[in-house]
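A.B. asks: below: sequence and its predicted model.
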Amino acid sequence: MLGVTEQLHLADIVGVHGVKGWVKIRAYVEDLKLLTQLSHVMVSPGGNTSSGESRAVQIVEVKPQGKGVIASLKGVNDRTMAETLRGWIIEIPATQLPPAEAGVFYWRDLVGLAVFCRYRDRDVLLGKVLRLVETGANDVLVVGPTSDSIGDKETLIPWVPDDVIVAVDLQQGTIRVDWYLDD
């Protein structure tokens with residue numbers, strides 16, 4: 001559809017902190033500073049919130065607090081105002097993200113790619129990337145079966161470039177992996 005820009009979900013507002021309008025967030029970005037550097041940030045009602053309209057917001061400050069993260073939003077100056085945003089999401093237009101460097105990929109670009117491996121001297125389809133999971137040691141591709149894939153179960157493949165992940169071709173929509181199949 002023309003004119004529609006993909007929105008990227010950067011964080012959830014999960015609660016409030018203190019009396020000065022700070023909100024507790026669950027951030028989906030590695031670098032928290034990024035949240036304060038972006039323009040065109042929006043807060044929108046999440047799936048389990050009361051209705052409301054999306055609106056522009058400026059994230060003034062973000063910092064770790066205990067095991068979580070808190071954020072100060074411009075114009076949200078007290079606990080009551082912050083409480084109205086509980087359950088909302090923070091998002092930006094996808095066009096706001098800088099292009100990924102060579103050999104680096106945004107997770108959203110990997111979801112849906114077909115995953116192939118070598119098996120008995122031929123390329124076989126393992127399935128399509130459903131999602132990625134952060135495990136601490138390394139990220140993991142969750143590959144779901146398709147109607148023409150070799151298996152019928154989800155496959156977990158560690159994201160280890162040059163070892164397990166052999167090649168990623170976003171134009172072709174494929175990932176080649178050095179992975180084994182359960183016989």
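C.D. replies: On my side now, so go ahead. As the structure is a prediction and not an experimental result, all values here were calculated from the model.
A.B. asks: contacting residues for residue 116?
C.D. replies: Residue 116 makes contact with 123, 124, 125, 126, 174, 175, 176, 177 under the criterion Cβ atoms under 8 Å, 6 or more residues apart in numbering. Heads up, the C-betas are built off the backbone N, CA and C, glycines and all.
A.B. asks: pull up the per-residue confidence for the first one.
C.D. replies: This points to residue 123. You'll see residue 123 listed with a pLDDT of 88.
A.B. asks: related to what we said a few turns ago, now the contacts of residue 116: which count as buried?
C.D. replies: Neighbour-count burial (16 or more other Cβ atoms under 10 Å) applied to the contacts of residue 116 gives 125, 126, 175, 176, 177.
A.B. asks: and the first one, what are its bridge partners?
C.D. replies: Think residue 125. Beta-bridge partners for residue 125, by DSSP bridges, are residue 116.
A.B. asks: now do the contacts for it.
C.D. replies: 114, 115, 116, 146, 148, 149, 150.
A.B. asks: just name the closest of those residues to residue 21, please.
C.D. replies: Nearest to residue 21 out of these is residue 115 (Cβ to Cβ; 45.0 Å).
A.B. asks: list the contacts of the closest one.
C.D. replies: 125-129, 141, 143, 155, 157, 174-177.
A.B. asks: please repeat the previous calculation with a cut-off of 6 Å.
C.D. replies: Counting by Cβ atoms under 6 Å, 6 or more residues apart in numbering, residue 115 touches 126, 143, 175, 177.
A.B. asks: that concludes my questions; thank you for your assistance.
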